[in-house]
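Student: Everything below, folded, please.
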Amino acid sequence: MKKVSKEIIINFEDAARLSSILAGRGFADSRRAAVNLQLLRRDISNYNIFDRLLPSILQAAIDSPDPDMSLNNLERFASSYE
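Tutor: Numbering: from 1, shown residues only. The predicted structure is shown next:
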């Protein structure tokens with residue numbers, strides 16, 4: 001997962017590429033998953049913290065019964081604390 005996380009971090013600003021990476025990891029709505037990750041990262045003042053958490057976030061989402069909903073719920077939860 002660390003290799004995928006690095007690829008995501010490198011391509012964070014390229015929504016199309018980010019969506020493509022996530023589609024290959026089991027996200028049915030990879031475009032929305034990409035937006036959710038971008039929103040999660042945006043809300044953290046220190047990107048290094050998010051980048052270190054990203055492999056765990058992705059693995060937890062992928063291991064859940066519904067990866068898309070898992071990531072969506074995490075983003076909604078995080079954004080409620082702005």
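
Student: contact partners of the lowest-mean-pLDDT helix or strand in the chain?
Tutor: Least confident helix or strand, the chain: helix 2-10 with a mean of 82, by mean pLDDT, DSSP states H and E. Outside helix 2-10, the residues within contact range by CB atoms under 8 Å, 6 or more residues apart in numbering are 18, 21-22, 25, 37, 51, 54-55, 58. For every residue, glycine as well, the C-beta is placed using N, CA and C.

Student: Could I get the buried residue list for the helix or strand just after it?
Tutor: Using DSSP states H and E, the helix or strand that follows helix 2-10 in sequence is helix 15-23. Buried residues in helix 15-23, counted by 16 or more other CB atoms under 10 Å: 18-19, 21-22.

Student: Also stretch 45-65?
Tutor: 50-51, 54-55, 57-58, 61-62.

Student: how distant is that stretch from the center of its chain?
Tutor: Centroid displacement of stretch 45-65 relative to its chain, using CA atoms, centre = their mean, to the nearest Å, is 7 Å.
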